[in-house]
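A.B. asks: could you look at this predicted model? Sequence included:
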Amino acid sequence: MDKSELKKFGILGGTFDPPHLAHLRIAEEVRENWELDKVFFIPAGIPPHKKEGSFSSFEDRLQMVKLAIEGNPYFEVLDIERVIIPSYTLKTLQRLKEIYPESEKYLIIGWDSFCEFETWWNYEEFLDYTNIIVVPRGIKDWDSALGYFHNKIRELWKDNDKALKKVFFGKTTLFDISSTLIRKLVSQKRSIRYLVPEKVYWYIKEKGLYR
């Protein structure tokens, strides 16, 4: 698919240390629900919220994402944050606008990230570059979450009409899986099978990650 055919695409960024099945299923559901042509997985170069040395190398994380999305023609990994240091999401969005100026973009973020969105670097400018889809993590009361969601939008963008049209609540399947849990299980010499794709499982095992 060339750039001219890419009308709408999703952006799923993160440390991906490691990528797991919840990442894949959420991306698939968002792609289907919003009729996206593609979802780009973008591993963070040096995440600004993490201490350097506390995460796996960029190359390991990039390779794991490649293995995780293998076989899905709608998924693609981009390594553009390799040179964006620190990996501020806004800088990535600006770069994507340069590469795909005509495409409509949808940034996929988790509920926990949305709840602290005011801590993101220059978050006020995001809507100039992308739509935002907030997907659930740890939500137990949907009605309360939806009320909080609308209040948060007003708090972040000051009743901006643009925000009401560009920020969406994506009701996807709830997964109680996290990269933190997977790393902990590996360190305890417990199984992580069926939490990560099989090829990612073997990569972690062969590379001796998270021990």
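C.D. replies: The structure has been received and is ready for your questions.
A.B. asks: so residue 133 makes contact with residue 107?
C.D. replies: Yes. Counting by C-beta atoms under 8 Å, residue 107 is a contact partner of residue 133 at 7.0 Å. In short, each C-beta sits where N, CA and C put it, glycine included.
A.B. asks: overlap in contacts of these two?
C.D. replies: residue 10 (C-beta atoms under 8 Å, 6 or more residues apart in numbering).
A.B. asks: does residue 108 count as helix, strand or coil?
C.D. replies: Secondary structure assignment for residue 108 (DSSP: H, G, I helix; E, B strand; the rest coil): strand.
A.B. asks: tell me who's in contact with it.
C.D. replies: 10-12, 26-27, 30, 39, 133, 135, 170.
A.B. asks: quick check: the residue with the largest distance to the centre of the chain vs residue 211, distance?
C.D. replies: Here the centre of the chain is the reference, and by C-alpha atoms, centre = their mean the most remote residue is residue 189, at 27.3 Å. Distance of residue 189 to residue 211, computed by C-beta to C-beta, to the nearest Å: 8 Å.
A.B. asks: all strands for this protein, in order.
C.D. replies: Ranges of strands within the chain are 8-14, 38-43, 75-77, 104-110, 131-135, 167-169, based on DSSP state E.
A.B. asks: just the buried positions in the fifth one, please.
C.D. replies: Buried residues in strand 131-135, counted by 16 or more other C-beta atoms under 10 Å: 131-135.
A.B. asks: any chance of these in a markdown table, plus distance to residue 103?
C.D. replies: Below are the buried residues of strand 131-135 laid out as a markdown table (distance: C-beta to C-beta, whole Å):
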| residue | distance to residue 103 |
| --- | --- |
| 131 | 11 |
| 132 | 16 |
| 133 | 15 |
| 134 | 21 |
| 135 | 21 |
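A.B. asks: what comes up buried for the helix ranked longest in the chain?
C.D. replies: Longest helix of the chain, by residue count under DSSP state H: helix 142-157. For helix 142-157, burial by neighbour count (16+ other C-beta under 10 Å) applies to 145, 148-149, 152-153, 156-157.
A.B. asks: same check on stretch 76-89?
C.D. replies: Within stretch 76-89, judged by 16+ other C-beta under 10 Å, the buried ones are 76-78, 80-81, 84, 87-89.
A.B. asks: so of those residues, which two are at opposite extremes in space?
C.D. replies: 76 and 88 (21.5 Å; C-beta to C-beta).
A.B. asks: average pLDDT for the longest helix of the chain, rounded please.
C.D. replies: The average pLDDT within helix 142-157 is 87.
A.B. asks: which elements pack onto it?
C.D. replies: helix 111-115, helix 161-166, strand 167-169 (3 or more C-beta pairs under 8 Å, 6 or more residues apart in numbering; DSSP states H and E).
A.B. asks: thanks again, I'm all set now.
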